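Chemist: Provided below are the primary sequence and the corresponding predicted coordinates.
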Amino acid sequence: MNTYLPPRYLFRRSELLRQLRSGTRFLELGAADLTLSRELLARFDSGVAIELTADALEAWERLPAADKARLDVKVADAMVEVVEGEFDAVIFCEVLEHIDDDAGWLQMINQRLRPGGQLVASVPSRMKYWTHHDEMVGHLRRYERASLIQLIEEAGFHNVSVTSYGFPWVNLLRLPRLLLAHRQASAVVNLDQVDRTMESNHRQIPEALRNSPLRFVTRPALFEPLAQISRPFNRFDLSDGYLVTADRR
């Protein structure tokens, strides 16, 4: 059954899968409902997905048996707990901005990659785009290109590439996102930063939107042409989101 996929996710997904290298084993942090995890299984033999909430386990139960056998799901605080072993790639989307010690956390991620392994991550960009929505979903910061590259390099990575993805489409989506945040503000006003983080992914999508006809429109194949139109703008700081790739030295 089709489920609603946020347009911003679809633009990010397109660029992420384009820049991701295939390998044997991946680690995804902040895997939410495993939507991306399932696509990663097409590029890797196996993987580990970590999520703060038990929603990930419920999603894992709904997977086909073949996918279950190749994907290990753990409910844990990905901010402080990472599984042992080495991975060909570590992937996380919209996680780093929630972490107080982002520099120390990146160093820990570096140690989970095999030499030459790939980091692929997305973060919200440009503090000039900071709004109440960032506070509502538990963001501690937005990132600037130069300081983000420095942060990642100091954590032990090189070949750092920063893509300002999805322009102009993700910028056009800012207003609907802010309106949705305004409607949901009363539900999170008394939550602390950690709880806001837990509610900030797929749980933000209203049930009415999940079940609306839009779920048949927000499909990867329909958004891919728009993503391709946006690619000439990737090197400019025009979008409010960055996709970062880097390699462990």
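Modeler: Now that the structure is in, tell me what you want to look at.
Chemist: Going along the chain, name the helices of this protein.
Modeler: Across the chain, reading from the start of the chain, the helices by DSSP state H fall at 7-19, 35-40, 55-61, 65-70, 102-112, 132-136, 145-154, 169-172, 174-188, 193-198, 207-210, 220-230.
Chemist: Scan the helices and strands of the protein for the one with the lowest mean pLDDT.
Modeler: The helix or strand of the chain with the lowest confidence, counting by mean pLDDT, DSSP states H and E, is helix 193-198 at a mean of 57.
Chemist: hmm, back to that, least confident of the helices of the chain, on average?
Modeler: Note on those: lowest mean pLDDT is at helix 193-198, with a mean of 57.
Chemist: for this protein, what's the longest strand?
Modeler: Of all the elements of type strand in the chain, the one with the most residues (DSSP state E) is strand 113-124.
Chemist: which other helices and strands contact it?
Modeler: Packing partners of strand 113-124 (3 or more CB pairs under 8 Å, 6 or more residues apart in numbering; DSSP states H and E): helix 7-19, strand 87-93, strand 241-248. For every residue, glycine as well, the C-beta is placed using N, CA and C.
Chemist: Okay, and the beta partners of residue 25?
Modeler: Per DSSP bridges, the residues bridged to residue 25 are residue 46.
Chemist: Hmm, it is touching residue 43, no?
Modeler: No - applying CB atoms under 8 Å, one finds residue 25 not in contact with residue 43, separated by 10.8 Å.
Chemist: higher neighbour count, the two?
Modeler: Comparing residue 25 with residue 43 by other CB atoms under 10 Å, the one with more neighbours is residue 25, at 18 against 15.
Chemist: if I look at that one, how far off is residue 3?
Modeler: Counting by CB to CB, to the nearest Å, the gap between residue 25 and residue 3 amounts to 27 Å.
Chemist: Kindly report the same for residue 46.
Modeler: Separation of residue 46 from residue 3 (CB to CB): 24 Å.
Chemist: center of this protein - which residue?
Modeler: Taking CA atoms, centre = their mean as the criterion, residue 93 is the residue nearest the geometric centre of the chain, at 1.5 Å.
Chemist: Tell me what the nearest residue to that residue once chain neighbours are set aside is bridged to.
Modeler: Nearest residue to residue 93, sequence neighbours excluded (CB to CB, 6 or more residues apart in numbering): residue 122, at 4.4 Å. Beta-bridge partners of residue 122, counted by DSSP bridges, are residue 93, residue 243.
Chemist: can you count the residues close to residue 122?
Modeler: 24.
Chemist: leaving aside the residues next to it on the chain, what's closest to residue 75?
Modeler: Closest residue to residue 75 apart from its sequence neighbours, by CB to CB, 6+ apart: residue 54 at 5.4 Å.
Chemist: From residue 73, how far off is that neighbour?
Modeler: Going from residue 54 to residue 73 by CB to CB gives 10 Å.
Chemist: out of those two, which sits in the busier spot?
Modeler: Legend: neighbour count by other CB under 10 Å for residue 54 and residue 73, higher for residue 73 (23 against 10).
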